[in-house]
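S.K.: From the sequence below, what's the structure:
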Amino acid sequence: MLHGKKHWLYHRFTAILLLPLIIWFIYSLSRVPEITYSNMILWTSKTPNYIFLFVLILISARHFQLGIQVILEDYISNKKIRDFYLKLINTIYYLLSFLGVASITKIYFGVNI
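M.R.: Prediction:
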């Protein structure tokens with residue numbers, strides 16, 4: 001776990017990285033003629049979109065985890081309960097990251113399971 005100044009800086013760094021990624025995401029999706037299942041598969045299958053979406057998923061999940069960690073540390077005074085929730089949030093972070101990346105990777109490489 002990060003503490004103090006490092007945590008604060010890392011959280012701000014992820015926020016700064018998210019800004020251009022979200023702008024790209026909105027702009028890129030606005031250029032899709034119609035948001036349908038097949039169009040989104042085609043959109044995700046393009047290499048630049050896959051790479052940027054991959055990074056967006058990882059950074060946004062980490063930003064979420066860091067933000068929730070601050071809230072838990074600030075508002076839960078019972079150390080055992082706080083540690084339980086911090087471990088739960090970390091597990092959710094890894095799960096969300098894995099599921100998001102696995103999903104777009106499956107689409108990108110056309111894996112049929």
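S.K.: average pLDDT for the helix or strand hosting L88?
M.R.: Element membership for L88 (DSSP states H and E) is helix 79-109. For helix 79-109, mean pLDDT rounds to 95.
S.K.: And for stretch 43-60?
M.R.: 96.
S.K.: distance between that stretch and the chain's centre?
M.R.: The chain centroid and the centroid of stretch 43-60 are separated by 11 Å under Cα atoms, centre = their mean, to the nearest Å.
S.K.: where's the residue of the chain most remote from its centre relative to H3, distance?
M.R.: When each C-alpha in the chain is compared with the mean C-alpha position (Cα atoms, centre = their mean), N78 comes out farthest, at 28.5 Å. Going from N78 to H3 by Cβ to Cβ, to the nearest Å gives 19 Å. For every residue, glycine as well, the C-beta is placed using N, CA and C.
S.K.: what's the answer for T91, then?
M.R.: From T91 over to H3 (counting by Cβ to Cβ), the distance is 20 Å.
S.K.: for the helix holding L88, packing partners?
M.R.: Judged by 3 or more Cβ pairs under 8 Å, 6 or more residues apart in numbering; DSSP states H and E, helix 79-109 is in contact with helix 37-45, helix 47-75.
S.K.: Looking at those, which one is packed in the most?
M.R.: Of all the helices and strands packed on helix 79-109, helix 47-75 has the most neighbours on average by mean count of other Cβ atoms under 10 Å, namely a mean of 16.
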